[in-house]
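Q: below is the sequence, then the predicted model.
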Amino acid sequence: MTGIGPVEPGEDTRAHDAGRPGRHTPRLRAGSRARRTATAATAALAVTAAGGYLYATRPQPRPAPPPPYPSQVVDLVYLTPVAPAGTAPAGGFRFTVALVVRSGPPVTVTRVSQPNAGLSVTSSPAAPFRTKPHSTRKITVTLRATECGKAPRNAGFPFLDVTLRNTRAIQTHSFILGRRYARDLSRALRDACGQGNP
Amino acid sequence: MRQRSLIAITAALAAGALTLTACGSRDDDGGSDSGNGGGTTVVIGVDAPMTGDLSALGLGIKNSVDLAVKTANKEKYVEGVTFEIEALDDQGQPSVGQQNASKFVADKDVLGVVGPLNSSVGESMQKVFDSAGLVEVSPANTGPSLTQGPDWRTKKVRPYKSYFRTATTDAIQGPFAAQYVYNDANKKKVFVIDDKKTYGAGLAATFTEEFKKLGGTVVGTEHINPDTKDFSSVATKVKNSGADVVYYGGEYPQAGPLSKQIKEAGAKIPLVGGDGIKDDTFIKLAGTGSDGDLATSVGAPVEELDSAKKFVADYKAAGYKEGYAAYGGYSYDSGWAIIEAVKKVVEDNDGKLPDDARAKVTAAMQNVSFDGVTGKVSFDEFGDATNKQLTVYAVENGAFTAVKSGTYTG
């Protein structure tokens, strides 16, 4: 009752204060417009705020998982020696392997190597070459004895090192091709280096 | 009335927002972790050394199986079945392991056992489990004879149908190390030491065989007593041998002091070992001179496996006091393999466990296949893991760092 009143008085407040309604009518009309405007603005603000809040807190789709590391989706399996009649290189061993890309993005072989100092290696197709997921590529690998004194003539678990690249990483991974490969390699190297070859 | 309308609109919007927020929260929280999946309780036994020198590895095994069980219960992975673990400490002793095996067999709720750590302990348990038809999945045994028989070099014969493992074998690990040491690290003269135990002696033997085949020279061999930590006489022999590398078949409690004393004797050459030394405790025991030492271990490095990263995060979130250590992922997968086998048996029996559940679970294990922490988990005709990956780690600046990984695809 001080005449200051609440900033947004309730309807009853004005009614009790109204000593001369006739004179106050225009002011009441003006106040009513102001209230309508304020109400609409507040509602709009609330809707906007609530909408913004809902938008900001909406469930986010999970980010797609990164593709797997190439070594985790590639198999390299020893197949067979290439028939020696006229095809095996002098002082060497030629064989085929199957490169299998099980899943993920395409994988590029950027290098085929092996760690022994007495051998060199080439492949066909020559690196780099790309293999699609869910597919198998047959590769012919040729090992040559460059220094028979260092060549492993009886290795049980020789490696073939393959550098693999996909959209996730570049990795050099060793593939241990198993006892059959070891046996065939040893036989070929004994043949190549057995007669005093360098 | 307009104010009341405004209040009502605002309240409705607020309530709606809160409701939607609450929906989002449920997605994040997931279900209750009390994990009561139903009326039947299946116990998975865990056997590992939980006291003594090897407890870091053993407790990592126990906790990791516990995590697998909690995950299965939380997801209600096997309808109507709640899993529990029962963990027994074998202290790294074969005789204690055998007693533990008998205890598990006597508990009819136990339908599978994860463990043990040591191959020698595994040997003592196999027959007990096999006689009872109780399946055993080791996350860490690497001795080849456990799955391929004593004559595994010439004729592989599976001795026990109830034994499986998720780790690969020393038949591959030893030669893998030899190839790396000879070809990549360019070391040609090795001094070989082992602890005379099934694991250590076996691993040293497979390493030596391959190293010699490659053209390397064994300039000395010694056996140590694992009950002592004074290796000064062996260290002196290493120094005088002219070796450019030491291979040790054994575990980190001895490997750490051995490495330290070899360097202190004046032989500044790397010590190389297998998965038994690949624990941070080795580096602590060996001291700063261990930089350059090498260890092979089963599996691919954690950072290459997204599934392993999730395991690491879940393990951390579970709040275990001890680390998951070298075999955590393999232990989780071993536990999960048993859970998968139980699931198959239950589903094939109209949602209930059959009376001959142990025999059925053992039979189901042979065909278990799933994407685990360590990659694809399945077993070959010997009970060995089909996933045969190995990694060479080097000690660099006081920590193990992966330097080369390989996969056996033969």
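A: Nice, I can see it.
Q: so B:F231 touches B:K237, yeah?
A: No: between B:F231 and B:K237 there is no contact, the gap being 9.8 Å when judged by CB atoms under 8 Å. C-betas here are computed from N, CA, C, even on glycine.
Q: what about the two, which has more around it?
A: Neighbour totals were compared for B:F231 and B:K237, and B:F231 leads with 23 against 20 (other CB atoms under 10 Å in any protein chain shown).
Q: now tell me which helix or strand of chain B has the poorest mean pLDDT.
A: Within chain B, no helix or strand scores below helix B:2-29, which has a mean of 39 by mean pLDDT, DSSP states H and E.
Q: tell me the gap between the helix or strand following that one and the middle of its chain.
A: Helices and strands here follow DSSP states H and E; after helix B:2-29, the next one along the chain is strand B:40-48. The gap between the average C-alpha position of strand B:40-48 and the chain average comes to 17 Å, counting by CA atoms, centre = their mean, to the nearest Å.
Q: Provide a list of residues in contact with the residue nearest to B:F164 when sequence neighbours are not counted.
A: The shortest distance from B:F164 to any residue other than its chain neighbours is 4.2 Å, reached at B:G383 (CB to CB, 6 or more residues apart in numbering or on different chains). With contact taken as CB atoms under 8 Å, 6 or more residues apart in numbering or on different chains, B:G383 is in contact with B:147, B:158, B:160-161, B:163-165, B:366.
Q: closest one of those residues to B:N397?
A: When the contacts of B:G383 are compared for distance to B:N397 (CB to CB), B:R165 comes out closest, at 33.0 Å.
Q: tell me what the closest one is bridged to.
A: Residues found in beta-bridge contact with B:R165 (criterion: DSSP bridges) are B:S138.
Q: what about it, how many neighbours?
A: Counted by other CB under 10 Å, the residues lying close to B:R165 total 26.
Q: got a list of what it touches?
A: B:137-141, B:146-147, B:334, B:383-385.
Q: am I right that B:E123 sits in a strand?
A: No: the assignment for B:E123 by DSSP: H, G, I helix; E, B strand; the rest coil gives helix, which leaves it out of any strand.
Q: now do it against B:P139, distance only.
A: Counting by CB to CB, to the nearest Å, the gap from B:E123 to B:P139 is 16 Å.
Q: give me the more crowded residue out of the two.
A: Under the neighbour definition other CB under 10 Å, B:E123 and B:P139 were set side by side, and B:P139 has more, 32 against 19.
Q: that one against B:A325, yeah?
A: No: using CB under 8 Å, B:P139 and B:A325 do not qualify as a contacting pair, with a distance of 10.5 Å.
Q: any shared contact partners between those two?
A: Among the neighbours of B:P139, those also in contact with B:A325 (CB under 8 Å, 6+ apart) are B:I61.
Q: does B:D333 belong to a helix or a strand, and which?
A: Following DSSP H and E, the helix or strand that holds B:D333 is helix B:328-347.
Q: what angle do whichever helix or strand comes after that helix and helix B:328-347 make?
A: Next in sequence after helix B:328-347, counting helices and strands by DSSP H and E, comes helix B:357-365. Using axes from the mean of the first three to the mean of the last three CA atoms, to 10 degrees, the direction of helix B:357-365 lies 120 degrees away from that of helix B:328-347.
Q: and the helix or strand just after helix B:357-365, what's buried?
A: Per DSSP H and E, the first helix or strand lying C-terminal to helix B:357-365 is strand B:370-372. When neighbours are counted by 16 or more other CB atoms under 10 Å in any protein chain shown, the buried residues of strand B:370-372 are found to be B:G372.
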